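1. from the sequence below, what's the structure:
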Amino acid sequence: MEQLRLYARSKQVIERADTAAVMSLVLRAKLYSSLVIIAMLSTAFAAQAQDAKISYPSMAPLEQYLMERQAEIALARSAAPKSISQDAEVIVFGRQGYESVVKGKNSFVCMVQRSWAAGLDDPEFWNPKLRAPICFNPPAVRSYLPQIIKKTEWALAGRSRVQMHQDIKSALDRKELPTPEIGAMCYMMSKQAYLNDHDRNWHPHVMFFLPLTEPAVWGAGLPGSPVLGSQDAPGAVTVFLVPVGQWSDGTAAPGYGH
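-> This is a model prediction of the structure:
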């Protein structure tokens with residue numbers, strides 16, 4: 001009997017020891033997992049902090065915004081399906097601003113926008129990497145493209161973003177720049193676009209330009225709506241974006257949801 005009691009006690013000691021060992025392993029595993037999570041979060045926060053440091057406070061040297069002419073013509077035409085872009089006028093950006101290099105037949109105009117075509121509050125307003133192929137229909141050529149041309153002139157003249165904010169407002173007040181015509185729209189369906197540092201070429205889409213209005217009134221940005229909208233108050237324009245399912249070359253685009 002004494003031997004049985006001793007055996008039972010020794011077994012309990014071993015079981016307790018095993019339990020303690022298991023608990024020790026569990027605690028160490030939890031600690032390791034916590035350290036891994038902390039390390040991952042630290043890496044993510046460091047990456048975000050690094051991204052936050054990337055800024056474009058002023059215009060870069062002009063050379064960084066220039067392209068080889070034939071490459072820019074091809075990139076401009078990639079904004080829209082060939083049935084539209086092949087007969088469009090093409091304008092390219094040079095040291096003196098935009099100039100027409102290919103005459104069109106359908107009253108569309110294709111070009112590659114630079115960063116200052118964005119809204120004046122856009123953090124990448126001076127990003128020299130931005131290349132945004134776009135093809136305007138006739139109403140947009142008459143009523144929206146003039147803003148892009150004028151902003152380009154101001155950029156080359158050394159105007160700051162703050163100054164351009166006032167320039168746009170003054171030009172609109174004096175009727176030197178038009179407000180968007182009904183039916184003004186454009187195509188932005190290029191695979192080769194570089195729209196910003198985060199999204200690169202984002203999704204192929206078409207855009208519609210209207211005088212300032214509340215996007216939600218049109219259903220833009222509401223759950224399940226395929227339409228996005230944003231207001232450019234200084235430019236007195238509301239822009240509606242509608243993602244489409246294919247690039248300008250006809251190939252399928254990745255699915256989009258927001």
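
2. SS state for the closest residue to Gln113 other than its chain neighbours?
-> Nearest non-adjacent residue to Gln113, counting by CB to CB, 6 or more residues apart in numbering: Ala132, 4.1 Å away. No exception for glycine: its C-beta is placed from N, CA and C like everyone else's. Following DSSP: H, G, I helix; E, B strand; the rest coil, we place Ala132 in the strand state.

3. repeat for Ala155
-> Taking three-state DSSP, the label given to Ala155 is helix.

4. ok, now which ones touch it?
-> Taking CB atoms under 8 Å, 6 or more residues apart in numbering as the criterion, Ala155 is in contact with Met59, Arg114, Trp116, Met164.

5. so which of the residues you listed comes closest to Ile84?
-> The closest of these to Ile84 turns out to be Arg114 (CB to CB; 22.0 Å).

6. against Gly229, how distant is the residue nearest to Gln113?
-> 18 Å (CB to CB, to the nearest Å).

7. try Pro254
-> When Pro254 is compared with Gly229 (using CB to CB), they lie 22 Å apart.

8. try Ala74
-> Separation of Ala74 from Gly229 (CB to CB): 31 Å.

9. the two - which one has more neighbours?
-> When neighbours are counted by other CB atoms under 10 Å, Ala74 and Gly229 differ, and Gly229 comes out ahead with 23 against 15.

10. and the more buried one, that one's in a strand?
-> Yes. Using three-state DSSP, the assignment for Gly229 is a strand.

11. ok, it touching Leu222?
-> No. Between Gly229 and Leu222 there is no contact under CB atoms under 8 Å: 9.8 Å.

12. so what sits against both of these two?
-> Joint contacts of Gly229 and Leu222 (CB under 8 Å, 6+ apart) are Ala216.

13. if you tally nearby residues, what's the number for Lys105?
-> Other residues lying near Lys105 total 9 when counted by other CB under 10 Å.

14. ok, it - contacts?
-> Asp87.

15. quick one: the strands in the stretch 101-250 of the chain, in order.
-> Taking DSSP state E, counting those that start in this stretch, the strands of the stretch 101-250 of the chain run over residues 109-113, 132-136, 185-188, 205-211, 228-232, 237-243.

16. for those, which one sits closest to His198?
-> Checking the strands of the stretch 101-250 of the chain against His198 by CB to CB gives strand 132-136 as the closest, at 14.1 Å.

17. low-scoring stretches of the stretch 51-200 of the chain, by residue?
-> Residues of the stretch 51-200 of the chain meeting the criterion pLDDT under 70: 51-54.

18. domain map for this protein?
-> For the chain, automatic domain parsing gives the domain ranges 1-53, 62-243.
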